[in-house]
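*Asks:* let me see the structure of the following:
(2 chains)
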Protein chains: 2
Amino acid sequence: MTTLLKTTRHPKTLHLDRLTSLVDRELERALPKSSLSPQVVHEAMRYCVLSGGKRFRPLLCLGACEAVGGSARQALSVACALELIHTYSLVHDDLPAMDNADERRGQPTCHRKFGEGNAVLVGDALLTLAFEWLGHNGIPNALAIIQTLGRSCGTVGLIGGQILDLQAISQPRMSTERTLTDIAERKTAALIIASVVTGALAGRATVAQLRQLKRYAQHVGLAFQLIDDLHDRDGLAQAMGIEAARTHAQRLITRALATLAPMGPRTQTLRQLTTWLQTTA
Amino acid sequence: MTTLLKTTRHPKTLHLDRLTSLVDRELERALPKSSLSPQVVHEAMRYCVLSGGKRFRPLLCLGACEAVGGSARQALSVACALELIHTYSLVHDDLPAMDNADERRGQPTCHRKFGEGNAVLVGDALLTLAFEWLGHNGIPNALAIIQTLGRSCGTVGLIGGQILDLQAISQPRMSTERTLTDIAERKTAALIIASVVTGALAGRATVAQLRQLKRYAQHVGLAFQLIDDLHDRDGLAQAMGIEAARTHAQRLITRALATLAPMGPRTQTLRQLTTWLQTTA
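*Replies:* Numbering: from 1, shown residues only, chains lettered A, B, ... in the order given. The predicted structure is shown next:
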């Protein structure tokens, strides 16, 4: 969040700021209080979710809802579910059997702070809460949203990407540009696309709007991973070469903005988010 | 499954047998083919789900649907989701950071066979698929079912029980009868109650029917854990004493059957399952 707002020096920052606050309030509402038994799991869920993060996926979701003529509030529960799912994926990703990471967002990872067994269960709890949260709150198209999210987080999407990533780590020679693009499309782009599509569904999008926004999200999803790899100078940035990766990311962002153009002024939030992404490349 | 059918020497075994086949076919339909990429995760999902198991929760679900006047087929997707969730919980339960189990259902546990990182992701994939599966298939009361399942699998239910169980393992002196009953109610009974309630919801139960069946399931849920502990001579059986635990389990089963009595002949499947449970005590 801090990164996002610091980097976005656009007069419309106030709007993104307001949306971020809405998301944070909804997350606060969805997460059980730390005082509830068993306290450790609730404390750990809050530790992981409320420790910052750009809220990029929830904001994309709200922006997509606005882009099709809905109000951001209509998609708020979906945005919240997306952040819970994103956080679950980070908690499990960081585990010793996966990336074995010590730090996340400048603080000890969940398993370092709360132990490995608890961290597995904290991830499980966040994923479960995300789907439970979509089950109430009277969201338009709730079942289609659950289906879309389930698919994009399953073995064709997020989890499939993580499995391929595990394989790439154990066999570095297999990390070709093609494999890494496949991993990026599943592990990163799938949830970014789902964020946009589910936001649009909550805004009662037409089929044509869904198609247009999905195309936008495909560009943004791959650009996001390229930029992440450019920062860390690994993954696709390493496989393609730094300059080629930067040029490709910029090209994808230009295409993403071009895809929004015919949809008119209601795409303001999405354009702001895309422009912010561009400034980080 | 084998245990269930071998033990049930009732003329109506054929009905349970038919329902078990329906569940197995639905699971076969829901699980992605092993040939799909990434193969290892699909192979592992099938290895864990299709390796036997009594299908007790799915059968309870189908039985509850019949008990309120629905047809078993109406609840088949829900029954399938319940087995996927049950299996995910076993895969994560068996992990080195939890029970560190080597065998499950007479074969190596998922992490022993496919590695720890993959096992975490296989559990995640089964949980995700369960909710995705509930998102299509046009199940009556789908959102209420998703909500009920999410709640019973979350930190007030299944995951909360697992967290308390981890604490009890690390502090054996805390394993009082009261703590162990709390764990049993969350870790075992919650999903058994949810199986009955979601089956009834899929059968468009009335509020009165839901209340009655929930009471039935509370008795069965605790009896199930008591009997499991009696077999292993640990947990509640150890804390209460073997004879006291057996007597309590029988009392709970008698109460469960009494709760079904006023609901008439449509409770046949539930009665058969309860009688089967009784024979195993």
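*Asks:* what residues does the stretch 101-250 of chain A have near chain B?
*Replies:* A:115-121, A:123-125, A:127-129, A:131-136, A:142-144, A:146-147, A:149-151, A:153-155, A:159-160, A:162-164, A:166-167 (Cβ under 8 Å from any Cβ of the partner chain). The way it works is simple: take the backbone N, C-alpha and C, and place the C-beta from them, glycine included.
*Asks:* state which helix of chain A is the longest.
*Replies:* Longest helix in chain A, counting residues (DSSP state H): helix A:207-232.
*Asks:* export the next helix or strand after that one as PDB, just CAs?
*Replies:* Note on helix A:207-232: by DSSP states H and E, the next helix or strand toward the C-terminus is helix A:235-240. Below are the C-alpha coordinates for helix A:235-240, written out as PDB (Å, rounded to 0.1, in the frame of the first residue of the first chain):
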ATOM      1  CA  GLY A 235      13.200 -15.100 -13.400                       C
ATOM      2  CA  LEU A 236      12.000 -13.700 -16.700                       C
ATOM      3  CA  ALA A 237      14.300 -10.700 -16.500                       C
ATOM      4  CA  GLN A 238      17.300 -13.000 -16.300                       C
ATOM      5  CA  ALA A 239      16.000 -15.300 -19.000                       C
ATOM      6  CA  MET A 240      15.100 -12.500 -21.500                       C
END
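*Asks:* what's next to helix A:235-240, contact-wise?
*Replies:* A:175-177, A:180-181, A:184, A:225-226, A:228-230, A:245, A:248 (Cβ atoms under 8 Å, 6 or more residues apart in numbering or on different chains).
*Asks:* so for the next helix or strand after that helix, what gets flagged as buried?
*Replies:* Scanning forward in sequence from helix A:235-240 by DSSP H and E, the next helix or strand is helix A:242-260. Residues of helix A:242-260 classed as buried under the neighbour-count rule (16 or more other Cβ atoms under 10 Å in any protein chain shown) are A:245-246, A:248-249, A:252-253, A:256-257, A:259-260.
*Asks:* next SSE downstream of helix A:242-260?
*Replies:* Following helix A:242-260 in sequence, per DSSP H and E, is helix A:268-280.
*Asks:* pull out the buried residues from that following helix.
*Replies:* A:268-274, A:276-278, A:280.
*Asks:* and stretch A:141-158, by the same measure?
*Replies:* Under 16+ other Cβ under 10 Å, the buried positions of stretch A:141-158 are A:141-158.
*Asks:* the helix or strand where residue A:123 lies packs against which elements?
*Replies:* Using DSSP H and E, residue A:123 sits within helix A:116-135. Helix A:116-135 makes packing contacts with helix A:39-49, helix A:76-93, helix A:110-114, helix A:142-153, helix B:76-93, helix B:116-135, helix B:142-153, helix B:158-170 when contacts are defined by 3 or more Cβ pairs under 8 Å, 6 or more residues apart in numbering or on different chains; DSSP states H and E.
*Asks:* what pLDDT, on average, does stretch A:256-264 get?
*Replies:* What stretch A:256-264 shows for mean pLDDT is 97.
*Asks:* for that stretch, what is the distance to the chain centroid?
*Replies:* Between the centre of stretch A:256-264 and the centre of its chain there are 21 Å (Cα atoms, centre = their mean, to the nearest Å).
*Asks:* what's the end-to-end length of it?
*Replies:* 14 Å (Cα to Cα, to the nearest Å).
*Asks:* residues in contact with that stretch?
*Replies:* A:67, A:209, A:212-213, A:215-216, A:219-220, A:223, A:267, A:270-271, A:274-275.
*Asks:* of the residues you listed, closest to chain B?
*Replies:* Set against chain B, the nearest of those by Cβ to the nearest Cβ is residue A:213 (19.9 Å).
*Asks:* so who does that closest one touch?
*Replies:* A:64, A:67-68, A:196-197, A:200, A:205, A:263.
*Asks:* among these, which are in helices?
*Replies:* A:64, A:67, A:196-197, A:200.
*Asks:* now, the most widely separated pair of those?
*Replies:* Distances among the ones in helices among the contacts of residue A:213 were taken as Cβ to Cβ; the most separated pair is A:67 and A:197, at 11.5 Å.
*Asks:* and those two? Which one has more around it.
*Replies:* The neighbour count for residue A:67 versus residue A:197, taken as other Cβ atoms under 10 Å in any protein chain shown, is higher for residue A:67 (28 against 24).
*Asks:* so that one is in contact with residue A:203, correct?
*Replies:* Yes - shown here, residue A:67 and residue A:203 form a contact pair, counting by Cβ atoms under 8 Å, at 7.5 Å.
*Asks:* mind checking the SS state of residue A:138?
*Replies:* Put simply, residue A:138 is coil when judged by DSSP: H, G, I helix; E, B strand; the rest coil.
*Asks:* how about the contacts made by residue A:155?
*Replies:* Per Cβ under 8 Å, 6+ apart, neighbours of residue A:155: A:163, B:32, B:36, B:38, B:41-42, B:45, B:125, B:129.
*Asks:* format these as JSON lines; extra columns: pLDDT, neighbour count and distance to residue A:49.
*Replies:* Below are the contacts of residue A:155 laid out as JSON lines (pLDDT from 0 to 100; neighbours: other Cβ atoms under 10 Å in any protein chain shown; distance: Cβ to Cβ, whole Å):
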{"residue": "A:163", "pLDDT": "96", "neighbour count": "26", "distance to residue A:49": "24"}
{"residue": "B:32", "pLDDT": "97", "neighbour count": "19", "distance to residue A:49": "30"}
{"residue": "B:36", "pLDDT": "95", "neighbour count": "13", "distance to residue A:49": "32"}
{"residue": "B:38", "pLDDT": "95", "neighbour count": "23", "distance to residue A:49": "28"}
{"residue": "B:41", "pLDDT": "98", "neighbour count": "26", "distance to residue A:49": "26"}
{"residue": "B:42", "pLDDT": "98", "neighbour count": "21", "distance to residue A:49": "30"}
{"residue": "B:45", "pLDDT": "98", "neighbour count": "27", "distance to residue A:49": "28"}
{"residue": "B:125", "pLDDT": "98", "neighbour count": "28", "distance to residue A:49": "22"}
{"residue": "B:129", "pLDDT": "98", "neighbour count": "26", "distance to residue A:49": "24"}
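*Asks:* just give me the closest of the residues you listed to residue A:83.
*Replies:* residue B:125 (20.6 Å).
*Asks:* now for the closest one: which residues touch it?
*Replies:* So residue B:125 contacts A:154-155, A:159, B:41, B:45 (Cβ under 8 Å, 6+ apart).
*Asks:* kindly report the same for residue A:95.
*Replies:* With Cβ under 8 Å, 6+ apart, residue A:95 has these contacts: A:111, A:116, A:119-120, B:117, B:120.
*Asks:* now do residue A:68
*Replies:* Residue A:68 sits in contact with A:200, A:203-206, A:209, A:213, A:266, where contact means Cβ under 8 Å, 6+ apart.
*Asks:* let's have the ones in helices among the contacts of residue A:213 in a markdown table, adding pLDDT and distance to residue A:20.
*Replies:* Output for the ones in helices among the contacts of residue A:213, formatted as a markdown table (pLDDT from 0 to 100; distance: Cβ to Cβ, whole Å):
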| residue | pLDDT | distance to residue A:20 |
| --- | --- | --- |
| A:64 | 98 | 16 |
| A:67 | 98 | 18 |
| A:196 | 98 | 17 |
| A:197 | 98 | 21 |
| A:200 | 98 | 20 |
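*Asks:* low-confidence ranges in chain A?
*Replies:* Residue ranges of chain A with pLDDT under 70: A:1-13.
*Asks:* ok, now how distant is residue A:66 from chain B?
*Replies:* 24 Å (Cβ to the nearest Cβ, to the nearest Å).
*Asks:* ok, residue A:176 to residue A:44 distance?
*Replies:* 37 Å (Cβ to Cβ, to the nearest Å).
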